[in-house]
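1. Next come a sequence and a model predicted from it.
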Amino acid sequence: MLVASNMYSGLKKRVDLGGIVDIKTLKLFLHLYQTLNFSRTSEACHLSPSTLSRAIKRLEDEVGEPLFHRDQRSVQPTKAGQAFFHYAQDSVQRWEKFRQSLRGNHDNLHGELSMYCSVTASYSFLAELLVRFRERYPNIDIKLRTGDAAESIPKLINGEADVVIAARPDKLSAKLSFKAMTTAPLIFIAPVVDCHALNYINTEKREFQWQDIPMILSERGLARDRVDNWFKAKGIKPKIYAQVSGNEAIASMVSLGFGVGVVPNLVVSNSALAQSIQTLSVTPQLEPFSVGICTLKRKKQDPLIAAFWRLTDNINDA
């Protein structure tokens, strides 16, 4: 960490003294850093791949270090690129904040807000928020990425998103601000279709042969921690059939009869597979999730993030 910090300081000093790198080039770098794909970045930024390559090469010349390892098959940031990411992100944020301070009118905010959440969150309560946000701030572009819910907080901390929709961690980092939006029970789900897994389940008597039931669980994250603790408290070593990235994938595998899974109830209630899944009544119940919006405290005063945060002022901070 000390090495990265020293490298960041050195790169910052070099670029600041040069005074040549512009905000547009920094934005191109940040986009490429996230996609690691020249074609996707050039398409999104309306540039030819050759123009993008030249811009990155000029930036590397100014920095004095290669920022990406690239060959015909892959693009990966170098150590210098990882350090420069923090400089570029900080510079772009400061520039946008300065521009907004000149405008002074919150209703006339311009810029880009990056968000990350699960697929379920994107088409459930987030959809309404985005509609309201677009109506109030039509000049702010929302860059929304979806994926595994367990990746939300790490992407926020790593600077890959400005705001995320996430379950509140049991131990919330002092670096984070979290605002609760809803409570989501964590439930055991089983298939409806006749399959091998149902041989070990008697729903009428609430009898479960847990040691024999094939389980489909998250690879990591809060849900996995809670179900692991649940089994541990019962003195049971579960039979894990599959470890999956993403709650939606768990629901899909369960609906096909591969086993029993654990997901937030929001996943089932918003899924087209709801009719193919049944909820198991277990004792004790798993602790529910507190789901909400989260950002870094140091970035909360950013005009764009603050504008999004204000939309949920009627919801109490956690």
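-> Now that the structure is in, tell me what you want to look at. Quantities reported herein were computed from a predicted structural model and do not represent experimental measurements.

2. Output the below-cut-off pLDDT ranges for the stretch 1-150 of the chain.
-> Scanning the stretch 1-150 of the chain for pLDDT under 70 picks out 1-21, 99-107.

3. can you rerun that using 90?
-> By pLDDT under 90, the weakly predicted segments of the stretch 1-150 of the chain are 1-24, 27-28, 30-31, 33-50, 62, 70-74, 86-112, 118-143, 145-150.

4. That one: strands as residue ranges?
-> When assigned using DSSP state E, counting those that start in this stretch, the strands of the stretch 1-150 of the chain occupy the ranges 68-70, 75-77, 111-117, 140-146.

5. all helices for the stretch 151-300 of the chain, in order.
-> 152-157, 222-233, 247-255, 265-269 (DSSP state H, counting those that start in this stretch).

6. Make a markdown table out of those and add mean pLDDT.
-> A markdown table is the format used below for those (pLDDT from 0 to 100):
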| stretch | mean pLDDT |
| --- | --- |
| helix 152-157 | 90 |
| helix 222-233 | 94 |
| helix 247-255 | 93 |
| helix 265-269 | 88 |
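
7. Most tightly packed of those helices?
-> Comparing those by mean neighbour count (mean count of other CB atoms under 10 Å), helix 247-255 comes out on top with a mean of 22. Every residue, glycine included, has its C-beta placed from N, CA and C.

8. That one - contacts with which helices or strands?
-> On a contact count with 3 or more CB pairs under 8 Å, 6 or more residues apart in numbering; DSSP states H and E, helix 247-255 meets helix 119-123, strand 186-191, strand 214-218, strand 239-244, strand 260-264, helix 265-269, strand 277-280.

9. got the buried residues for the first one?
-> Translated: helix 119-123. Buried residues in helix 119-123, counted by 16 or more other CB atoms under 10 Å: 119-122.

10. Pick out whichever of the residues you listed sits closest to residue 51.
-> The shortest approach to residue 51 among those belongs to residue 122, at 32.0 Å (CB to CB).

11. list the contacts for the closest one?
-> By CB atoms under 8 Å, 6 or more residues apart in numbering, the residues touching residue 122 are 144, 146, 165.

12. can you do 7 Å?
-> By CB atoms under 7 Å, 6 or more residues apart in numbering, the contact set of residue 122 is 144, 146.

13. For it, give its distance to residue 307.
-> 19 Å (CB to CB, to the nearest Å).

14. do residue 226 as well
-> On the measure of CB to CB, residue 226 and residue 307 end up 34 Å apart.

15. Count residues in the vicinity of residue 283, would you?
-> By the criterion of other CB atoms under 10 Å, residue 283 has 6 neighbours.

16. And for residue 180?
-> Residue 180 has 16 nearby residues by other CB under 10 Å.

17. any idea how far residue 231 is from the nearest residue to residue 144 once chain neighbours are set aside?
-> Nearest non-adjacent residue to residue 144, counting by CB to CB, 6 or more residues apart in numbering: residue 115, 4.9 Å away. Distance, residue 115 to residue 231, using CB to CB: 34 Å.

18. before we move on, what about residue 214?
-> 14 Å.

19. cool, residue 114 as well?
-> From residue 114 to residue 231 the distance is 37 Å (CB to CB).

20. what does residue 117 give?
-> For residue 117, the distance to residue 231 - CB to CB - is 28 Å.

21. For the longest helix anywhere in the chain, enumerate the helices and strands it packs against.
-> Ranked by number of residues, the top helix in the chain under DSSP state H is helix 79-103. Contact analysis of helix 79-103 by 3 or more CB pairs under 7 Å, 6 or more residues apart in numbering; DSSP states H and E lists helix 2-18, helix 23-35 as its packing neighbours.

22. any idea of the angle it forms with strand 111-117?
-> Helix 79-103 runs at 120 degrees relative to strand 111-117, counting by axes from the mean of the first three to the mean of the last three CA atoms, to 10 degrees.

23. Flag every buried residue along helix 79-103.
-> Applying 16+ other CB under 10 Å to helix 79-103 flags 80-89, 91-93, 96, 100 as buried.

24. And for stretch 34-52?
-> 34, 38, 41-42, 47, 52.

25. quick check, distance from it to the centre of its chain.
-> On the basis of CA atoms, centre = their mean, to the nearest Å, stretch 34-52 sits 22 Å off its chain's mean C-alpha point.

26. Make 40 the first number, not 1, from now on.
-> Renumbered: residue one is now 40, and that last one reads stretch 73-91.
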